[in-house]
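*Asks:* Quick one: sequence plus predicted model below, questions after.
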Amino acid sequence: MKMIIAVVQDKDSHRLLNELVEHNFRTTKLASTGGFLKSGNTTFMIGTEDSRVDQAVEIIKESCQSRSQIVSPVSPMGGNAESYVPYPVEIQVGGATIFVLPVENFMQF
C-alpha cells in the first residue's frame, strides 16, 4: 500500500477531487498554504494499493496543469531592497507536487 500526497493549486482542486472520486480513490483534502506566492494550495492524501499508484498519478497530472500568471511583487519592508523587482513578472503556477510514500500499516474503523 502507498500514500500519495499531492499539493495542488486551489484552482485545480475541485476538478481533481471529482476525478479521484469518479475513479474510486479515497482521499482526504486539506487546505494548505505555502510556496513562492504564499497563496492557498490544497493537499490531497490518497491511500491506494501499489498497483493503482500510476493511475492516480496520471489523474493528478491530467487535472493539474501548470500555467503562466503575472504577479506584482510586494515591496520589501525592512528586507533586502537590492533584490526587489519593481515591475510585474510572469511566473509558472499550478501543476502538482507529488510524494509517494510506503505505508507500513493501514487500519480502518
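*Replies:* It's in.

*Asks:* hey, which helix or strand in this protein has the poorest pLDDT?
*Replies:* Lowest mean confidence among the helices and strands of the chain (mean pLDDT, DSSP states H and E): strand 89-94, at a mean of 64.

*Asks:* Beyond that one, next helix or strand please.
*Replies:* strand 96-102 (DSSP states H and E).

*Asks:* Give the partner strands of that following strand in its sheet and their orientations.
*Replies:* Strand pairing for strand 96-102, using DSSP bridges, gives strand 2-9 (antiparallel).

*Asks:* Just the pLDDT for residue 3.
*Replies:* Predicted confidence (pLDDT) for residue 3: 97.

*Asks:* any idea how far it is from residue 61?
*Replies:* From residue 3 over to residue 61 the distance is 18 Å, taken as Cβ to Cβ, to the nearest Å. To be clear about C-beta, it is placed using only N, CA and C from the backbone, and glycine gets the same treatment.

*Asks:* Next: residue 96.
*Replies:* 7 Å.

*Asks:* for stretch 60-68, which positions count as buried?
*Replies:* 60, 63-64 (16 or more other Cβ atoms under 10 Å).

*Asks:* Kindly reformat those residues as CSV containing pLDDT and distance to residue 22.
*Replies:* Formatted as CSV, the buried residues of stretch 60-68 follow (pLDDT from 0 to 100; distance: Cβ to Cβ, whole Å):
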residue, pLDDT, distance to residue 22
60, 96, 13
63, 92, 11
64, 89, 15
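
*Asks:* Alright, calling it a day.
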